[in-house]
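>>> Task: produce atomic coordinates for the following.
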Amino acid sequence: MNLASIRIITADIKRLVQFYERITETSFTWYTDDFAELRTASGALAIGSTRTLALFGGDAVADAASNRSVIIEFLAEDVDDKYQRVVKTVTTEIVQEPTTMPWGNRSLLFRDPDGNLVNFFTPQSQQAKTRATAP
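Predicted structure coming up:
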């Protein structure tokens, strides 16, 4: 089994898609006015409007902008370089400037407009580099 995607439910899909397009410098594919997706080699970040909840059983299934437990992570070529771009682009909270973590990644943490935590990271140690390229 392979992880296919992570989906964020939001009340303002255009704002959130534009945010992720700016920080990743990659365009999303819009499938409907209520669903867009960013595909990468390892999976996808999908964004759906709260209107899509009706297809999954109703509004009680998910609560937009209330996540406090998931971190959306992007492998970056140079997290310090990305930090310079993010700090100029992001009007949301920078949680942690680039910091080398004990497990060998250099990480930048910030919040998207809905408050979701985003991590741009660059493997620094050989073990972290191996982990990042493993299938």
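>>> got a pLDDT number for the residue of the chain most remote from its centre?
Seen from the C-alpha centroid of the chain, the residue lying at the greatest distance (Cα atoms, centre = their mean) is G57, 25.1 Å away. pLDDT recorded at G57 is 90.
>>> what about it, distance to D33?
21 Å (Cβ to Cβ, to the nearest Å). Any C-beta I mention is one placed from the backbone N, CA and C, and that applies to glycine too.
>>> just T26 next, same as before
In terms of Cβ to Cβ, T26 sits 20 Å off from D33.
>>> Comparing the two, which shows the higher neighbour count?
More crowded of T26 and D33, by other Cβ atoms under 10 Å: T26, with 13 against 10.
>>> Beta-bridge partners for L45, please?
L45 has the following beta-bridge partners by DSSP bridges: I6, L38.
>>> How about the contacts made by it?
L45 makes contacts with S5, I6, R7, I8, Y20, E37, L38, I72, as judged by Cβ atoms under 8 Å, 6 or more residues apart in numbering.
>>> Dump those to a markdown table, plus pLDDT, neighbour count and distance to A46.
Shown next, in a markdown table, are the contacts of L45 (pLDDT from 0 to 100; neighbours: other Cβ atoms under 10 Å; distance: Cβ to Cβ, whole Å):
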| residue | pLDDT | neighbour count | distance to A46 |
| --- | --- | --- | --- |
| S5 | 96 | 12 | 5 |
| I6 | 96 | 14 | 7 |
| R7 | 97 | 15 | 4 |
| I8 | 97 | 21 | 7 |
| Y20 | 96 | 21 | 11 |
| E37 | 98 | 16 | 5 |
| L38 | 98 | 19 | 8 |
| I72 | 97 | 15 | 11 |
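>>> Redo these as CSV? Include distance to T89.
Below are the contacts of L45 laid out as CSV (distance: Cβ to Cβ, whole Å):
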residue, distance to T89
S5, 24
I6, 21
R7, 23
I8, 18
Y20, 11
E37, 21
L38, 16
I72, 16
